[in-house]
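Q: what shape does this take:
(4 chains)
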Protein chains: 4
Amino acid sequence: MASETSASVGETLKIGSHTFRSRLIVGTGKYTSFELMQQCLEASAAEVITVAVRRERLVDAEGRNILDFIDLDRYTILPNTAGCFTAEDAVRVARLGREILSGLENPGADWVKLEVLGDTKTLLPDPVATLEATRQLVEDGFHVLCYTSDDPITARRLKDAGAASVMPAGSPIGSGQGILNRNNIRICLEYLKEDDPDYPVIVDAGVGTASDVAQAMELGCDGVLLNTGIAGADDPLLMADAMRHACLAGHLAWKAGRIPKKLYATASSPDTGVVAPRG
Amino acid sequence: MASETSASVGETLKIGSHTFRSRLIVGTGKYTSFELMQQCLEASAAEVITVAVRRERLVDAEGRNILDFIDLDRYTILPNTAGCFTAEDAVRVARLGREILSGLENPGADWVKLEVLGDTKTLLPDPVATLEATRQLVEDGFHVLCYTSDDPITARRLKDAGAASVMPAGSPIGSGQGILNRNNIRICLEYLKEDDPDYPVIVDAGVGTASDVAQAMELGCDGVLLNTGIAGADDPLLMADAMRHACLAGHLAWKAGRIPKKLYATASSPDTGVVAPRG
Amino acid sequence: MASETSASVGETLKIGSHTFRSRLIVGTGKYTSFELMQQCLEASAAEVITVAVRRERLVDAEGRNILDFIDLDRYTILPNTAGCFTAEDAVRVARLGREILSGLENPGADWVKLEVLGDTKTLLPDPVATLEATRQLVEDGFHVLCYTSDDPITARRLKDAGAASVMPAGSPIGSGQGILNRNNIRICLEYLKEDDPDYPVIVDAGVGTASDVAQAMELGCDGVLLNTGIAGADDPLLMADAMRHACLAGHLAWKAGRIPKKLYATASSPDTGVVAPRG
Amino acid sequence: MASETSASVGETLKIGSHTFRSRLIVGTGKYTSFELMQQCLEASAAEVITVAVRRERLVDAEGRNILDFIDLDRYTILPNTAGCFTAEDAVRVARLGREILSGLENPGADWVKLEVLGDTKTLLPDPVATLEATRQLVEDGFHVLCYTSDDPITARRLKDAGAASVMPAGSPIGSGQGILNRNNIRICLEYLKEDDPDYPVIVDAGVGTASDVAQAMELGCDGVLLNTGIAGADDPLLMADAMRHACLAGHLAWKAGRIPKKLYATASSPDTGVVAPRG
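A: The predicted structure follows:
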C-alpha cells in the first residue's frame, strides 16, 4: 500500500498507541466461510481487524475459533463488544478480549471497540450506557474506540470521558444506507478536532457501497469501519477490493480540496440566478 | 493498472474500435501549466485524453500547442468540439480534429467527442443540434461519442442515430454537483443497454469529487469523463489519484453487487416498520 | 379561496388570455368513478382541469363522455394530447380539442396542453417532436402549454417557439418521485423568467405527495399540474385537499422568503466549521 | 380551522390533558416587534404558543413582559426551558413557568417543553441531562414534552421515563435544514407508537420552510413546533400562513396514503429496470 500512491506516503492513521497506513477497518462476521473471510481481509488491505469476543461469537457451531483463521502476525485485532446491551456486560467482554489477545501476544490487547447496544432489533447504540462503560474502561487502562450515534453532544461527552476515538454511525448497523446525516458528522468533526486536529474520528456502521466510504472520508473522517457491506455483497471479494480503493479515493479527495458546487460553472454560487421572491 | 487488482483483470472498456483497461477519461483544460497537466494525466492512469481542437483552444497565448505536451505514443487522443454552438461548427471542428490526429498518426483520428452547446453561460448541450451533428458525423465515418443531457429519450435518439457512445451529463459542466438525477441515468442505462449490454454509457460533466465518480460507476455506467474536478482542485495531482481510485472502486462495487438498503438490518425493506396512516 | 388568506389576495396566475386564483391544475384520469373525480376536482379548488381529448380517452367503456361529468360553467378545461407519440398526431388531437370545447363554449378552446411522448413505457416527452408541434400549434393560433423534460435548453427553445407556458416534469409521469433535479428547474426558471418575470412555469408530472407540490412552488414555479398523485392515493379526496393546501403553502413560503440553511444557527454558512483539508 | 376542511373534522391532537385541532406549535422569539409576533401567531392558527420562561427572556430591554402581548384566553402557553444547560437549571425554570402560568390561570401551567442544551454554539440537546430532568419533572407532576435529538434509543428512554411527548429535532435549532435524517424519525415513530399509536411525536427544531413541515407530517408525526422559520423569514406573516397550510397539507397527505415511488409509472419498483451487475 505504501507504494500504491506517492501522494499518501508518510501519512498515517494514529489511534492510541497504534499507527497504520490503511484507514479501513473491517469486521469478521457474516462470512459464509472462514476461507472467504481470509481472502476478503487480504483484499481490503486492512491492517486492523475487529472481532467479537463474546465467547458464543468467537467460536462457531463446529467449535472452531475465528482467531485461528486470522494471521495474528499480520493483523492487529480490535476486539469488540458486539452483543452487549449493558455497560457491565460490555466491560466484562472487553476484559475478556484483553485477556485473550494478551495470551496471543497480539498488539490489540490494549484497546477495544466498545459497543453497548440499546436494542436487538435496530442495533442502535445506547448513549448513556456507552458513556458509563467508556469511563470504566478508560479507568481500567483501555484505549477505547466508541461506537456511537452521530449525535455531536454524545460524541463530545465520549471524548471528554477519555475515548481514544469516537466512531459515529453513518446509519444503523447493516442498513446499507451510508451516511444519512452529513450535517451531524460535520459537527462531530468540528467538535472533536477543535484544538486537536489529529483526534481520530471513524465512521462505523451503515456503509453499503464504495461511494459511502468515499463520502465519509471526503468529510474529513480519519477512517471507516465496516463489515456487512463486504460480507453481505453478492461477491464479497470484489467488494473488499472496491472498499479499499474507495477509502483511498475519499481520503485523497479530501486532502486534494474539491471544487465548489455551483448551479453552473459560471454561476458565482449554488444559488446564483435563482429567481428571487417578488413578495 | 492491470496488476492493480486481480479482480479487474481481463475486463475492458470498448468504444468503437478502441479497447481500454482504464474507465476514466480526462480532459486537458484549465490547468495552470502544461507540466501540471502532464503529471495529472499520468496520476489519473487514463488511457484516453480529450482535447479541444478548435484552433484557438489548441494553441495557448504563447503559441504553444497542447498536443506537444501530451505523449502521443502513450495516450489515445479523443478530440472534442468544445466551444461549438451549431451543428455546422461542430462538424467542421470534428473534421479538423481528424485531420490533425491523422497527421500525428494517433489512433484518436477516427472518433470524436461531440459537444454542441446551447448556451455560453451554462454550457448545457443543445439536443436538436447534437442529434443533427451526430447524424452528419456518423455518415462521415466517425465514431461519435455524444455529450448530452441526462434525458433518456434524447439518449436513445442519439444511439439510434449511430452514436458509438452516449455520454449523459451528471450536472452542468464545471458545476461540481455530481449526479443530480440518478433516476434519469438509470433509465438511460436501461434504454441504451437493452439487448445491447456492452453499449458504452459514460457520465460526462458535473463530477466534483471522488464519490461522484464512484456513484456513476455504481449505477452501472461504463466510464466517467471529467476535467474541472481535477484541474480545479486545490491540489490537482492528489485529486487525479483520487479519481483513479474512485473509478476502480465504483466499478468493482457495481460488479460486486451491493447489499440492499434497509431502515435497519433486521427490517425487511427500507420502509419496514414505518407507521402506517390511520386514515 | 380568495378569502382563504389575505396575503394572497390580488395575486393571480396568468397564462395566455386566462387568469386564475388557484395555482393547481389537476387531471381527470385514473379515477375509479366519475363521482369520485368530481369530488376531488372540487376538493382541489382547481379552476383548470386538464382532459385527454383523444376520442378513446374521452369516452369510457360504457360510452359515457367525461366532459358530461365536469361542470363546464365552473372549470376552464385544458385539453391535452395525452397518448400522442408524433407531432402530427398531437396537432390533430389539439385541433379536435379546440373543436369540442368551442362547441361547448368553454373558454379552454383557445389553449392546449401539448404532450408528445417518446415512449409508451416511461411516458417521457420527445423534445424534437414537442418543439415541432409547438411551432405548428402556435402558428395555428393556440396558446400552447408544453409538457417537457427539465432540460433548460429545450425549455428555452419552446419559449422561443412561442409557448404560452413551459411545463417541465419533476420526474416521470406517475412515478411519484417529486422534483428529482432542482438544479435544472432553477436554471429553467432563470432562463424563462429573465426579462420576463411573469412568464408562467408550471411543474407537470412526477408529483407524489404534498411536500412535492410545496417544493415546486418554493423554487418559484407559478403552478403545479398533477393527476396520479391524487387519483392514485389510497384516499384521493383527502389527497386533493392536501394538494390544495400544499400549493398555497409553497407559494406563500416562496413569497415570504425563507431563512438560509446553516450547519447550525450561529454558523455563518452551511459549511462553517467544517474541518478543512490539511493537505 | 375546524370548518377549513371537512376531512379533518373530528380529529385532534392530544398531549397530556390537552386537546387541540391545530398541529402546529409556534414560538415567540426573535420577532422584531411584539405586534408582528401577535399577527404571526394569529396567521399560524396555532393554539399552543411556547414561551421561554427564564426571567431574562420573559422580559425585554424595556421591561415589557412578553406574556402581556399574548392573548391568554385564546392560547395555551407551553412554557419552555430555553437557555438551560443543566438538569437542575431546567427543573428550576420549569417550576418557575408553572408558578407564572398558575398565577395567570392559563391551562399551560401543568406542562413544559423541556430543553436541556449541551452547547451554546449549536443548541443541540444534552441526552443525559434531558433524561435526568425528565425523570424529576415527571415525578413533580409535569406533563413533559422533551426536545431531543433524532436518536431513537434516547427517544425511547424519554418515553419510558414518562415523557408526555417526545420531540425530536429535524436538524439543529435555527439551522433551517429541515429533516436531515428521515430514517431516524421513522424509527422514532416505530418505537414510540408501537402498541401506543396515539402517543404524540412532534418534530421540534430545524424547520426552514413550508415543505419541511409537510415532510414531517407526511412521515406520520403528530405535529411540528417551530419558531425561527417564521420569525426569521423576510416576511414572517406570509410565512406563518405558509406554515399553517403546510401542516394541514402534510397531515392530510399522510392520512390519504401516497402513491408509491417508481423509476417510471409502469415500473414495478423504484429500481425496476436498473441494469444488473454482470459480475
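Q: from now on I want contacts and neighbour counts done on CA atoms only, so please keep to that.
A: Fine.
Q: so where do the helices sit in the stretch 51-200 of chain A?
A: Listed in chain order, the helices of the stretch 51-200 of chain A (DSSP state H, counting those that start in this stretch) span A:55-58, A:87-103, A:127-139, A:152-160, A:182-193.
Q: what residues does the stretch 101-250 of chain A have near chain D?
A: By C-alpha under 8 Å from any C-alpha of the partner chain, the residues of the stretch 101-250 of chain A that approach chain D are A:118-119, A:124-128, A:149, A:151-154, A:180-181, A:183.
Q: separate out the buried members of these.
A: The neighbour-count test (16 or more other C-alpha atoms under 10 Å in any protein chain shown) marks A:118, A:124-128, A:149, A:151-154, A:180-181, A:183 as buried among these.
Q: also near chain C: which of these, exactly?
A: A:Asn183.
Q: of the buried ones among the residues of the stretch 101-250 of chain A next to chain D, closest to chain C?
A: Nearest to chain C out of those is A:Asn183 (C-alpha to the nearest C-alpha; 6.3 Å).
Q: hmm, C:Leu263 and the closest one touching each other?
A: Yes: assessed by C-alpha atoms under 8 Å, A:Asn183 is found in contact with C:Leu263 at 6.3 Å.
Q: which residues are in contact with each of these two?
A: Shared contacts of A:Asn183 and C:Leu263 (C-alpha atoms under 8 Å, 6 or more residues apart in numbering or on different chains): none.
Q: quick one on the thing from earlier: now, which of the buried ones among the residues of the stretch 101-250 of chain A next to chain D sits nearest chain B?
A: Set against chain B, the nearest of those by C-alpha to the nearest C-alpha is A:Leu124 (9.0 Å).
Q: pLDDT weak spots in chain A?
A: Chain A contains residues with pLDDT under 70 at A:1-10, A:268-279.
Q: now for the residue nearest to A:Asp151 when sequence neighbours are not counted, how many residues are close by?
A: Among residues not flanking A:Asp151 along the chain, A:Asn184 sits closest, at 6.5 Å (C-alpha to C-alpha, 6 or more residues apart in numbering or on different chains). When neighbours are counted by other C-alpha atoms under 10 Å in any protein chain shown, A:Asn184 registers 24.
Q: tell me the contacts of A:Asn184?
A: By C-alpha under 8 Å, 6+ apart, the residues touching A:Asn184 are A:Asp150, A:Asp151, A:Pro152.
Q: where's it relative to B:His245, distance?
A: Distance, A:Asn184 to B:His245, using C-alpha to C-alpha, to the nearest Å: 27 Å.
Q: geometric centre of chain A: which residue is closest?
A: In chain A, the residue lying closest to the centroid (C-alpha atoms, centre = their mean) is A:Leu225, at 2.6 Å.
Q: can I take it that that one is in a strand?
A: Yes: counting by DSSP: H, G, I helix; E, B strand; the rest coil, A:Leu225 is part of a strand.
Q: quick check: it touching A:Ser44?
A: No: counting by C-alpha under 8 Å, A:Leu225 does not reach A:Ser44; the two are 11.3 Å apart.
Q: what sits in contact with each of those two?
A: Taking C-alpha under 8 Å, 6+ apart as the contact rule, the neighbours common to A:Leu225 and A:Ser44 are A:Leu24, A:Val26.
Q: let me see the contact set for A:Arg135.
A: Neighbour list for A:Arg135: A:Ala161, A:Gly162 [criterion: C-alpha under 8 Å, 6+ apart].
Q: return the residues of the stretch 101-250 of chain A in contact with chain C.
A: Taking C-alpha under 8 Å from any C-alpha as the contact definition, the stretch 101-250 of chain A meets chain C at A:Asn183, A:Arg186, A:Ile187, A:Leu189, A:Glu190, A:Lys193, A:Leu219, A:Gly220.
Q: number of residues surrounding the fifth one?
A: Which is A:Glu190. Residues lying near A:Glu190 (other C-alpha under 10 Å) number 20.
Q: A strand includes A:Leu238, no?
A: No: read with three-state DSSP, A:Leu238 is helix and lies in no strand.
Q: which one is it nearest to, not counting chain neighbours?
A: Using C-alpha to C-alpha, 6+ apart, the closest residue to A:Leu238 is B:Ala256 (5.2 Å).
Q: the one you found against A:Asp235, yeah?
A: Yes: with contact defined as C-alpha under 8 Å, B:Ala256 reaches A:Asp235; the gap is 4.7 Å.
Q: ok, the two, which is more surrounded?
A: It is B:Ala256, of B:Ala256 and A:Asp235, that has more neighbours when counted by other C-alpha under 10 Å, with 25 against 18.
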